[in-house]
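Visitor: The sequence and its predicted three-dimensional model are supplied below.
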Amino acid sequence: MHGAGGRRGNSMCQTQTSFLPVFGPKPESIRTRLKQLLSFLKWSDCHCWQRRRRKKKETKAPMLKHNWVAFFVVVLWGFRFRAIDASAGDADPHYRACLQQCEETGCVAQRCFPHCNFSSGGVSVDGPWFLQEPLYLQWKQWDCQSDCRYYCMVDREKEREGAGYGPVKYHGKWPFKRVYGIQEPASVAFSALNLAMHFHGWVSFIILLLYKLPLRRDKKVYYDYASLWHIYGFLALNSWFWSAVFHSRDVDLTEKLDYSAAVALIGCSLILAILRSFDVRHDAVRVMVAAPLLAFVTTHILYLNFYKLDYGWNMKVCVVMAVAQLLIWAVWAGITRHPSRWKLWLVVVGGGLAMLLEIYDFPPYEGFLDAHAVWHATTIPLTYIWWSFIRDDAEFLTSNQVKKLAKKAK
């Protein structure tokens with residue numbers, strides 16, 4: 001990637017090779033991002049064209065491989081820009097002035113908060129201003145600081161809209177409208193639906209194993225990956241539960257729980273992708289494969305919770321693990337003769353496309369529906385297809401095991 005390209009090539013290739021190794025500062029608009037993405041794709045096409053000229057024959061399999069690699073490189077490249085996004089609203093002097101006034105008086109314009117207790121001189125009574133909360137508000141973690149930030153953001157966005165400007169992020173988030181105290185109602189609703197879909201898929205998987213498929217003489221299932229999918233189902237429910245809680249109320253505790261649960265689920269998914277695609281059935285080999293990944297995921301979770309909540313590093317870790325498992329499933333779906341491989345293709349392609357919503361962010365429509373919420377929505381049908389594939393896989397392997405035992409008995 002650090003080379004300047006071949007000397008022999010058209011002008012487009014020679015021009016675009018200088019773009020690839022140098023990633024500049026954050027683009028100012030989505031249009032700029034798209035232009036840079038198109039430039040990268042043009043460079044990639046030219047580079048592949050030069051290599052094809054040097055090779056007289058090339059099979060379809062390598063071409064398919066290059067296309068998949070190019071797709072996931074674009075995904076990783078886009079996440080690099082997403083990781084460095086800053087919040088323009090934090091630096092707005094009008095927003096800062098409003099926030100400072102609210103912290104001193106407990107009021108935003110004519111709107112004052114009864115749970116902020118101040119004396120006439122602007123000095124809080126009976127302790128710091130942010131501790132002057134009723135117990136039920138302290139339990140919900142709604143405090144004066146949150147209300148100051150929210151209503152200052154609302155007023156500032158109204159001013160910007162009147163001046164013809166679009167919305168900007170505040171403290172890393174788009175300006176959402178609260179509904180009954182919920183910060184991001186669309187994301188909460190879609191997270192709850194994902195939770196319900198995983199619960200339905202896991203329960204139907206359990207019913208299939210215990211009541212519909214044949215069992216061994218010791219009442220154990222024939223499907224060798226059942227216990228692993230049970231762990232996956234539990235982690236999926238845990239992850240989407242904390243996702244709903246975090247999008248309801250963003251505080252330090254819910255943020256760490258959401259991030260930790262997501263990392264655990266992605267790590268488990270990667271282990272499952274490796275074990276199932278390579279058909280690893282011996283316990284000793286499974287331990288040898290899973291132990292390094294489990295150690296890394298555990299260390300990463302401890303790092304986020306007790307050392308530093310590094311958003312950029314966490315995003316890189318999650319994206320690398322997610323792309324790795326998608327690639328593994330894609331390669332396996334291409335070479336296996338599994339009767340339900342088309343479902344796996346749907347999940348892989350749909351999951352890869354859904355990841356683009358996390359890259360090319362857009363502000364919430366009517367203050368509710370942003371790119372992240374749409375991403376949560378796209379995972380709902382993918383979850384249904386995914387658990388359908390898992391059930392089909394259990395039926396397929398169980399049928400094969402029963403047939404083998406029947407042949408041996410004869």
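Guide: Right, received. Where do you want to start?

Visitor: Just the CA coordinates for the one helix or strand W242 maps to, please, in CSV.
Guide: Element membership for W242 (DSSP states H and E) is helix 226-248. C-alpha atoms of helix 226-248 as CSV (Å, rounded to 0.1, in the frame of the first residue of the first chain):
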residue,chain,number,x,y,z
ALA,A,226,-25.6,-26.9,20.4
SER,A,227,-23.8,-25.7,23.6
LEU,A,228,-21.9,-23.0,21.6
TRP,A,229,-25.1,-21.7,20.1
HIS,A,230,-26.7,-21.6,23.6
ILE,A,231,-23.8,-19.4,24.7
TYR,A,232,-24.3,-17.2,21.7
GLY,A,233,-28.0,-16.9,22.3
PHE,A,234,-27.4,-15.8,25.9
LEU,A,235,-24.8,-13.2,24.9
ALA,A,236,-27.1,-11.9,22.1
LEU,A,237,-29.9,-11.3,24.6
ASN,A,238,-27.5,-9.6,27.0
SER,A,239,-26.1,-7.4,24.3
TRP,A,240,-29.4,-6.2,22.9
PHE,A,241,-30.8,-5.6,26.4
TRP,A,242,-27.9,-3.3,27.3
SER,A,243,-28.2,-1.7,23.9
ALA,A,244,-31.8,-0.7,24.7
VAL,A,245,-30.8,0.5,28.1
PHE,A,246,-27.9,2.6,26.8
HIS,A,247,-30.0,4.2,24.1
SER,A,248,-32.6,5.0,26.7
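
Visitor: Report the buried residues of it.
Guide: 226, 228-229, 232-233, 235-248 (16 or more other Cβ atoms under 10 Å). From N, CA and C alone the C-beta is placed, and that goes for glycine too.

Visitor: Check which element follows that helix along the chain.
Guide: The element immediately downstream of helix 226-248 (helix or strand, assigned by DSSP H and E) is helix 252-277.

Visitor: For that following helix, which helices and strands make contact with it?
Guide: Helix 252-277 sits against helix 226-248, helix 283-306, helix 311-335, with contacts defined as 3 or more Cβ pairs under 8 Å, 6 or more residues apart in numbering; DSSP states H and E.

Visitor: Compare those and give me the one nearest I207.
Guide: Nearest to I207 among the helices and strands packed on helix 252-277 is helix 226-248 (12.5 Å), distances taken as Cβ to Cβ.

Visitor: Which residues does the closest one contact?
Guide: Helix 226-248 is contacted from outside by 181-184, 187-188, 191-192, 194-195, 198-199, 201-202, 205-206, 209, 254-255, 257-258, 260-262, 264-265, 268-269, 271-272, 275-276, 376, 390, 394, using Cβ atoms under 8 Å, 6 or more residues apart in numbering.

Visitor: Centre of the chain to it, how far?
Guide: 13 Å (Cα atoms, centre = their mean, to the nearest Å).

Visitor: now swap in stretch 364-382 and tell me
Guide: Averaging C-alpha positions (Cα atoms, centre = their mean) puts stretch 364-382 12 Å from its chain's average.

Visitor: can you list contacts of that stretch?
Guide: Contact with stretch 364-382 is made by 167, 174-177, 184-187, 190-191, 193-194, 197, 243, 346-347, 350-351, 353-355, 357-358, 360-363, as judged by Cβ under 8 Å, 6+ apart.
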